[in-house]
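Peer 1: Attaching a predicted model along with its sequence, questions to come.
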Amino acid sequence: MKQQYAVIVLFALVVVSSLTSLDSYRSTSRKVCEDMDRALALALEEQQSDVISRDTIRTFNRHLQIAALRGKATIAVDTRSPQFRAYAHCSEATIFWLSDQRPAALLWVLTGFWAVFVCLNEERRMKNEEFAAAIPNSAAGKPTSAAATLPVGMAAATLPVGMAAANSSFFNSRSSLPK
């Protein structure tokens, strides 16, 4: 596989994983907001007062349908507006914890495996290029034997044509040098 395609696939996996996680978060956030708004409306209707007391909070928690929000959701009052306005809030961490991140996690693991595959494949390709560059070529630019086309880690059973004679003459010529 060409390197550019491998990087494009890696980038696509990162984007899909991120969008899946974000979609799950937003979906859960909408559900949590709807549940808190409904519980707050029921609690204020039941209490019939503009004062938020412990009873209001207890009633609010009792009307929450998502059990994990009980005790974690808060009620805030907007003091800047002339009318009484109460809002329900919970932390982003709570929403993230409630969201189903399993599909996104699976995609992130797949992205990690793909990144490792791309790195290892590139390293193997570079070693093969180094191996091919280290083997002597004939004047025509073609390998002198089948040993030049072997992948990294494989040794040839025989030396390329002419190598044995060249090596022996090289060692013989060194030994005949004056001392």
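Peer 2: The structure has been received and is ready for your questions. Numbers count the residues shown, from 1 in each chain.

Peer 1: what does the domain assignment say about this structure?
Peer 2: 3-98, 142-179 (automatic domain parsing).

Peer 1: Among these, which comes closest to residue 119?
Peer 2: Of all the domains of the chain, domain 3-98 sits nearest to residue 119, with 9.6 Å by C-beta to C-beta. The C-beta positions use only the backbone N, C-alpha and C, and glycine is treated the same way.

Peer 1: gap between that closest one and the chain center?
Peer 2: Offset of domain 3-98 from its chain centre (C-alpha atoms, centre = their mean, to the nearest Å): 26 Å.

Peer 1: Same question for stretch 116-127: list its buried residues.
Peer 2: Within stretch 116-127, the residues that count as buried by 16 or more other C-beta atoms under 10 Å are residue 118.

Peer 1: follow-up on the earlier one: lowest-confidence stretch among the domains of the chain?
Peer 2: Note on the domains of the chain: lowest mean pLDDT is at domain 142-179, with a mean of 51.

Peer 1: Most tightly packed of the domains of the chain?
Peer 2: Most buried of the domains of the chain, by mean neighbour count (mean count of other C-beta atoms under 10 Å): domain 3-98, with a mean of 14.

Peer 1: now the domains of the chain in CSV, with distance to residue 134?
Peer 2: Below are these laid out as CSV (distance: least, C-beta to C-beta, whole Å):
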stretch, distance to residue 134
domain 3-98, 22
domain 142-179, 9
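
Peer 1: Residue 104 versus residue 25, what's the distance?
Peer 2: 9 Å (C-beta to C-beta, to the nearest Å).

Peer 1: Please disregard the earlier target; I meant residue 12.
Peer 2: 15 Å.

Peer 1: ditto for residue 78
Peer 2: Where residue 104 is concerned, residue 78 sits at a distance of 34 Å (C-beta to C-beta).

Peer 1: Please list all residues in contact with residue 99.
Peer 2: Contacts were defined as C-beta atoms under 8 Å, 6 or more residues apart in numbering; by that measure residue 99 touches 24, 25, 27, 28, 29.

Peer 1: How about residue 71, nearest residue that isn't a chain neighbour?
Peer 2: Spatial nearest neighbour of residue 71, excluding adjacent residues (C-beta to C-beta, 6 or more residues apart in numbering): residue 61 at 6.5 Å.
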